[in-house]
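Trainee: give me the fold of what follows.
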Amino acid sequence: MNLDHVFVCGNPALDFAATLRARRSLRFEMFVSPERLNAWYVESGLVDAVSPGQEGDVAQAKAVREAVYLLVTARRLGEEYDGTALTVLNDAARELPAVPRLTPAGRWTQATPGEALSMVARHAVELLGGPDVPLLKECGNPECTRTYIDRSRGTRRQWCGMESCGNKIKAAAYRARRKAAPAPAN
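Mentor: Below you'll find the predicted structure:
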């Protein structure tokens with residue numbers, strides 16, 4: 001099942017946090033079933049296959065996702081971490097991750113939903129405790145709530161991705177300028 005998830009944030013934990021889209025308005029939920037959650041794990045490249053999950057796996061993933069979002073936002077704004085969010089993230093990271101195996105065809109990682117979630121949580125821990133923290137930015141599109149790592153030259157990137165947000169904002173600004181411009185005199 002290919003759901004065409006968007007991976008523009010520069011870190012799997014940030015992309016995971018972005019699976020609840022438009023948090024300030026529409027709140028579009030990507031994880032509506034265990035199958036959709038498992039599809040994200042595979043499409044993200046963290047694992048190659050995930051054993052079938054249960055509704056409880058979705059609830060746990062959503063809890064970790066919200067903890068990641070709260071912690072990333074606090075870190076980006078220089079605020080104190082929420083204690084409950086820290087506990088949720090650290091508990092998920094404490095679980096054993098999936099172990100990759102070398103096969104004649106290359107690397108293969110089979111995971112349970114819990115092992116895949118542990119891998120996401122560990123990415124979040126490494127991100128929030130690592131050197132990329134000063135590069136964390138929130139997308140400049142007011143409807144978008146993705147946080148991304150800005151590794152652009154001069155750290156001047158404004159959008160999570162050109163295809164997902166940048167082109168929309170630029171096109172809207174262009175239309176607004178055209179509409180506001182005086183009509184040419186004949």
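
Trainee: looking at this protein, which helix or strand does the model trust least?
Mentor: In the chain, no helix or strand scores lower on mean pLDDT, DSSP states H and E than helix 167-180, which sits at a mean of 62.

Trainee: where do the helices sit along the protein?
Mentor: 12-17, 34-43, 55-77, 83-94, 113-128, 167-180 (DSSP state H).

Trainee: switch those helices over to TSV; also include mean neighbour count and distance to residue 148.
Mentor: Yep, even glycine has a C-beta here, placed from its N, CA and C like the rest. Shown next, in TSV, are these (neighbours: other CB atoms under 10 Å; distance: least, CB to CB, whole Å):
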stretch	mean neighbour count	distance to residue 148
helix 12-17	25	6
helix 34-43	20	17
helix 55-77	19	10
helix 83-94	16	19
helix 113-128	22	11
helix 167-180	11	15
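
Trainee: these: which one's closest to residue 101?
Mentor: Comparing the helices of the chain by their distance to residue 101 (CB to CB), the top pick is helix 113-128, with 13.0 Å.

Trainee: dump that closest one to CSV, restricted to CA.
Mentor: Provided in CSV are the C-alpha atoms of helix 113-128 (Å, rounded to 0.1, in the frame of the first residue of the first chain):
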residue,chain,number,x,y,z
PRO,A,113,5.1,-2.1,15.1
GLY,A,114,6.8,-1.6,18.5
GLU,A,115,10.3,-2.0,17.1
ALA,A,116,9.6,0.4,14.3
LEU,A,117,8.2,3.0,16.7
SER,A,118,11.3,2.6,18.9
MET,A,119,13.4,3.5,15.8
VAL,A,120,11.4,6.7,15.3
ALA,A,121,11.7,7.6,19.0
ARG,A,122,15.5,7.0,18.9
HIS,A,123,15.8,9.3,15.9
ALA,A,124,13.9,12.0,18.0
VAL,A,125,16.3,11.5,20.9
GLU,A,126,19.3,11.8,18.7
LEU,A,127,17.9,14.9,17.0
LEU,A,128,16.9,16.7,20.1
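
Trainee: for it, give the mean pLDDT please.
Mentor: Per-region confidence: helix 113-128 scores 98 on mean pLDDT.

Trainee: okay, now the unreliable bits of this structure?
Mentor: For the chain, the stretches with pLDDT under 70 are 1-4, 162, 164, 166-178, 181, 183-186.

Trainee: quick one: contacts for residue 150?
Mentor: With contacts taken as CB atoms under 8 Å, 6 or more residues apart in numbering, residue 150 has the following neighbours: 135-137, 156-157.

Trainee: grab the two from these that are most spread out in space.
Mentor: With distances taken as CB to CB, the most widely separated pair in the contacts of residue 150 is 136 and 156, at 14.7 Å.

Trainee: settle it for me: which of the two has more neighbours?
Mentor: Set side by side, residue 136 and residue 156 show more neighbours around residue 136, with 21 against 7, by other CB atoms under 10 Å.
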